[in-house]
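Colleague: what's the 3D shape of this:
(one chain, ligands or ions: 1)
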Amino acid sequence: MLVLHKFVSAWDVADISPFCIKVETYLRFIDVKFELRTTNNRRSQTSKLPVLQIDDEYVSDSNQIIARLERQSQSSLDASLNESQRITGRLLRSAIEQDFYFLMMWHYYQDEQGFEIYWPELKRYCCEIGVRPWLLPFVKKAVRRKFLKVLHAQGTGRKNREEVEEEACEILSLIASILANKSFIHGEKPTTIDATVYGFLSRVLFSPFEGKVKDHLQKQDNLVNYCKRIQTNYY
Ligand SMILES: N[C@@H](CCC(=O)N[C@@H](CS)C(=O)NCC(=O)O)C(=O)O
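Modeller: Below is the predicted model of the structure:
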């Protein structure tokens, strides 16, 4: 039995966390049965979500989860990739998960307007996992403070809006060039990198954080069609 422990879906996206969308998308690509469960992070070795429960075992970290399922599967999604495709996929994954992620986080935590859009969904998640209502104003402050610290330490928090938007748009343009006119990043079938790409792009495209980054994404017809295609065919 597979259970994906995650945050909550919101707006038109499968989860408020792109990493949770990523794992859910991978599970849909490989067409296995699974349950979704909104949960706290107590079962996670990293204190982060997603966590995949495989019978009685809990596997943390989206990349560990996917690597584990790829190893177990008789028809792994990446089995037929050549060396150059593997390298492209691995570097693209880092650009998205290590760079683009923090540029997105800047919009949700550092930008006050962004945080006001984000907080109602975080609050709903907190309520679902049993945080007492009187604690919510403190949680709101603590969560924001925590992520502002993370952003500052990582460096993105020291950048201004223009720099953040420029870097995010640059990464989107790179993804658009790599995808070109293919159905998926490496051709006509999804591979593991498509789970990451869809996780992050759908989070931007289908959520109400308006601004230059979403505008830029909306102008990349191939990326928009890619997201819509995955949404229609796998969700
Ligand atoms: N490397 C992890 C990253 C997961 C991650 O950063 N999850 C965030 C949500 S997007 C989280 O759980 N944050 C809670 C926290 O940091 O306390 C993965 O690939 O699963």
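
Colleague: drop to CA atoms for contacts and neighbour counts, all remaining ones
Modeller: Will do.

Colleague: So which bits of this protein are right by the ligand?
Modeller: 17-19, 48-50, 61-63 (C-alpha under 6 Å from any ligand atom).

Colleague: Enumerate the positions of stretch 140-156 that are buried.
Modeller: 140, 144, 147-148, 151, 156 (16 or more other C-alpha atoms under 10 Å).

Colleague: same question, stretch 195-210
Modeller: Here stretch 195-210 shows 195-207, 209 as buried, counting by 16+ other C-alpha under 10 Å.

Colleague: Now these in a markdown table, please, with extra columns for distance to Val131, pLDDT and secondary structure.
Modeller: Formatted as a markdown table, the buried residues of stretch 195-210 follow (distance: C-alpha to C-alpha, whole Å; pLDDT from 0 to 100; DSSP: H, G, I helix; E, B strand; the rest coil):
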| residue | distance to Val131 | pLDDT | secondary structure |
| --- | --- | --- | --- |
| Ala195 | 31 | 98 | helix |
| Thr196 | 30 | 98 | helix |
| Val197 | 32 | 98 | helix |
| Tyr198 | 30 | 98 | helix |
| Gly199 | 27 | 98 | helix |
| Phe200 | 27 | 98 | helix |
| Leu201 | 30 | 98 | helix |
| Ser202 | 28 | 98 | helix |
| Arg203 | 25 | 98 | helix |
| Val204 | 27 | 98 | helix |
| Leu205 | 30 | 98 | helix |
| Phe206 | 27 | 97 | coil |
| Ser207 | 25 | 97 | coil |
| Phe209 | 26 | 96 | coil |
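
Colleague: Now for these: which two are most distant?
Modeller: Across the buried residues of stretch 195-210, the longest distance by C-alpha to C-alpha is 21.4 Å; it joins Ala195 and Phe209.

Colleague: before we move on, back to that, select from the residues of the chain next to the ligand every entry located in strands.
Modeller: Among the residues of the chain next to the ligand, none falls in strands (DSSP state E).

Colleague: neighbour-wise, which of these leads?
Modeller: Of all those, the highest neighbour tally under other C-alpha atoms under 10 Å goes to Pro50, namely 29 neighbours.

Colleague: tell me the strands in this protein, going along the chain?
Modeller: Using DSSP E, strands in the chain cover 2-6, 35-38, 51-54, 57-60.

Colleague: and the third one, what other elements does it pack with?
Modeller: The contact analysis (3 or more C-alpha pairs under 8 Å, 6 or more residues apart in numbering; DSSP states H and E) places strand 51-54 against strand 2-6, strand 57-60, helix 62-72.

Colleague: what residues does it touch?
Modeller: Contact with strand 51-54 is made by 1-6, 43-44, 58-62, 65, as judged by C-alpha atoms under 8 Å, 6 or more residues apart in numbering.
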